[in-house]
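Undergrad: could you work out the structure for the sequence below:
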Amino acid sequence: MKSCNVYRIKMIREKSIKYQSSVSMSNQAAEVIRRTITECGQSDREQMVVLMLDIKNRIIGTNIVSVGSVSSSTVCLRELFKPVILANSVALIVAHNHPSGDLQPSNEDNNITKWIFIGAHLLGITLHDHLIVSTESKNFFSYAENNPLEKYKEKGLEKLKEF
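TA: Coordinates of the predicted model:
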């Protein structure tokens, strides 16, 4: 007789992060991301963080997906979506910090945003924004506010049809 392992999947809350709820979604998200990095991570390294949202776009939780070096962070889509799915989230905001303070997106930032958008679409999850934050100031770059997500909606979904 053969056997197989039985698994139980749980999310464990490590701590809570306080934030103001009277600001716009991007500002609110940037604040929570910034606090996640400074209170739970390492602000001297680039980190990718996912903010998980419920059906009413309220924050369920946050997770540091990856920690990189001073100038880059490798992002695995499987690892990015794992906490989103486990939290039963229907939407997300992704963000990462630039320790240099330069908040302009790189080509790599643009490429990973496209893949995150496509992955979220395939999973039936809404990507509201990708933020690049500074931990030294309240400044941030928002893909949604600068309109590239609209381009991904058009071009990204066309690419899916090619498969």
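Undergrad: SS state for the residue nearest the centre of the chain?
TA: Closest residue to the average C-alpha location of the chain: Val94 at 1.8 Å, with CA atoms, centre = their mean. Secondary structure for Val94, judged by DSSP: H, G, I helix; E, B strand; the rest coil, is strand.
Undergrad: please look at Ser142 and Ser26 and confirm they touch.
TA: Yes - between Ser142 and Ser26 a contact is recorded at 4.7 Å, counting by CB atoms under 8 Å. For the C-beta atoms, the positions are set from N, CA and C on the backbone; glycine is no exception.
Undergrad: which residues do these two both contact?
TA: 129, 131 (CB atoms under 8 Å, 6 or more residues apart in numbering).
Undergrad: who's more crowded, these two?
TA: Each of Ser142 and Ser26 has its neighbours counted (other CB atoms under 10 Å); Ser142 has more, 24 against 19.
Undergrad: which residues touch the more buried one?
TA: 26, 30, 129-131.
Undergrad: and which of these is nearest Glu79?
TA: Glu79 has its nearest neighbour among the contacts of Ser142 in His130, at 16.0 Å by CB to CB.
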